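1. Pasting the sequence and the predicted coordinates here, then a few questions.
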Amino acid sequence: MDETGKNLICGLCNKPLKLVKTEFKYMDSNFHHDLLTCESCGQVYIPYELVKTRIRQVETELEDK
Ligand SMILES: [Zn+2]
């Protein structure tokens, strides 16, 4: 049930973004997630909701230690 970022178009290439398994780093933590990526220019769209959710998870894990 994740409608975020559906049918997004790359602003540079005017091409639809595709879901690509992507690794990205935030606050010394690596995330693996299917992110919308432009195959032409490599631009990655990271939905704000995803970032917010994952950061909250990381912060919770840190507090537990
Ligand atoms: Zn592009």
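-> Sure, I can see it.

2. Show me what from this structure comes close to the ion.
-> 10, 12-13, 38, 40-41, 43 (CB under 5 Å from the ion). C-beta: built from backbone N, CA, C; applies to glycine.

3. mind giving me JSON lines with those residues and columns for neighbour count, secondary structure and distance to residue 28?
-> Converted to JSON lines, the residues of the chain next to the ion look like this (neighbours: other CB atoms under 10 Å; DSSP: H, G, I helix; E, B strand; the rest coil; distance: CB to CB, whole Å):
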{"residue": "10", "neighbour count": "19", "secondary structure": "coil", "distance to residue 28": "29"}
{"residue": "12", "neighbour count": "11", "secondary structure": "coil", "distance to residue 28": "30"}
{"residue": "13", "neighbour count": "13", "secondary structure": "coil", "distance to residue 28": "32"}
{"residue": "38", "neighbour count": "21", "secondary structure": "coil", "distance to residue 28": "27"}
{"residue": "40", "neighbour count": "12", "secondary structure": "coil", "distance to residue 28": "31"}
{"residue": "41", "neighbour count": "11", "secondary structure": "coil", "distance to residue 28": "28"}
{"residue": "43", "neighbour count": "14", "secondary structure": "coil", "distance to residue 28": "24"}
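
4. Counting neighbours, what do you get for residue 27?
-> Using other CB atoms under 10 Å, residue 27 is surrounded by 9 other residues.

5. ok, and the closest non-adjacent residue to it?
-> Distances taken as CB to CB, 6 or more residues apart in numbering place residue 58 nearest to residue 27, at 6.2 Å, with adjacent residues excluded.

6. Other residues contacting the one helix or strand the one you found maps to?
-> Following DSSP states H and E, one finds residue 58 within helix 48-64. Applying CB atoms under 8 Å, 6 or more residues apart in numbering, the contact partners of helix 48-64 are 4, 26-27, 29, 31, 33, 35.
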